[in-house]
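K.L.:
quick one, fold the following:
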Amino acid sequence: MKNTLRRAATAIGTVTATAALIVAGAAAANAHVTVSPDDTGANGYSHLTFNMPNESAAAKTNKLEVKLPTDTPFTSVSVKPVEGWTAQVVTSDLPKPVTVAGATVTKAPTEVVWTANDDAHQIGQNQYQAFSLSVGRLPAAGTKVTLPTAQTYTDGTVVNWDEEAQEGKAEPEHPAPSFTTTAADDAKDSATASAAPTASTASTASTASGETGASPATAAPASQTGDVTGAWGLGLGALGAVLGAAALALVLTGRRKATK
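P.N.:
Numbers count the residues shown, from 1 in each chain. Okay, the predicted model is just below:
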């Protein structure tokens, strides 16, 4: 019986360590700068939310730069204020003229930069921050919109999230945030366009806390949740399954010994 218990304990220890590796791997795989659009309909407007976790064990994150597309430019870009951070929308000449909604566009917003105003609002270990934009119009259905980002740490390290994922291949180490547009819903597109910010907001040089009438977002970085929380849930589920299997094996082994 003692040998049986010893073997069972060893098995449980092994599967526990394996499940822990699953949890750690799942969390690491999801610790990327990501973008979540609330609408992907072509020719419409969308709110894009960038979630940026801090991945450094020694430094804080104090800057986020997002490159906007120039081949399918957004003619309208507005920033949602984040308390303790200053946002700047950079407008530049496009590499070549582009037609958007029947109009020729030669200049458009090409980058948005968020910078922490002080140490208290920098993103620390096990924290993340969300940054939001209102953009439009979105390009034709089926267009992949790639938004390369650069994450800067207080120790001077810069992590570029700019690698494009290739179909059929493993995810790159630093994938660029992206999404693909879908077919437009005419009724929803019309309603969204009427409520969208005017093109004049695209030329806004900068937006800081208290400079607009909009309510600021969360005052300080929140504990990291979202994708990482989902990863932990998956990993803990796997841990529960393997521990349950080990316990069942122990019970069955004991029963077999008893019948003998």
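
K.L.:
so how far is residue 35 from residue 73?
P.N.:
For residue 73, the distance to residue 35 (C-beta to C-beta, to the nearest Å) stands at 17 Å. Every residue, glycine included, has its C-beta placed from N, CA and C.

K.L.:
oh, that last question was meant for residue 120, not what I typed.
P.N.:
From residue 120 over to residue 35 the distance is 26 Å, taken as C-beta to C-beta.

K.L.:
which one's more surrounded, those two?
P.N.:
More crowded of residue 120 and residue 35, by other C-beta atoms under 10 Å: residue 35, with 20 against 11.

K.L.:
for the more buried one, which non-adjacent residue is closest in space?
P.N.:
residue 177 (3.7 Å; C-beta to C-beta, 6 or more residues apart in numbering).

K.L.:
so what's the one you found up against?
P.N.:
By C-beta atoms under 8 Å, 6 or more residues apart in numbering, the residues touching residue 177 are 32-35, 50, 66, 146-149, 161.

K.L.:
one more: residue 151?
P.N.:
Contact analysis of residue 151 by C-beta under 8 Å, 6+ apart lists 33, 52, 61, 63-64, 158-161.

K.L.:
what about residue 119, how many neighbours?
P.N.:
11.

K.L.:
if I look at it, how far off is residue 131?
P.N.:
Note on residue 119: its distance to residue 131, by C-beta to C-beta, is 19 Å.

K.L.:
cool, and residue 43?
P.N.:
As judged by C-beta to C-beta, residue 43 and residue 131 stand 25 Å apart.

K.L.:
same check, this time on residue 170
P.N.:
Residue 170 sits 28 Å away from residue 131, taking C-beta to C-beta as the criterion.

K.L.:
so between those two, which is more surrounded?
P.N.:
More crowded of residue 170 and residue 131, by other C-beta under 10 Å: residue 131, with 22 against 7.

K.L.:
so that one is in contact with residue 63, correct?
P.N.:
No. Between residue 131 and residue 63 no contact is recorded; they are 11.1 Å apart, counting by C-beta atoms under 8 Å.

K.L.:
what is in contact with those two at once?
P.N.:
Counting by C-beta under 8 Å, 6+ apart, the contacts common to residue 131 and residue 63 are residue 114.

K.L.:
which residues of the stretch 51-200 of the chain fall in helices?
P.N.:
186-195 (DSSP state H, counting those that start in this stretch).

K.L.:
just the strands from the stretch 1-150 of the chain, written as ranges.
P.N.:
Here the stretch 1-150 of the chain has its strands, by DSSP state E, counting those that start in this stretch, at 34-37, 45-53, 61-67, 76-79, 85-100, 103-116, 127-136, 144-146, 149-153.
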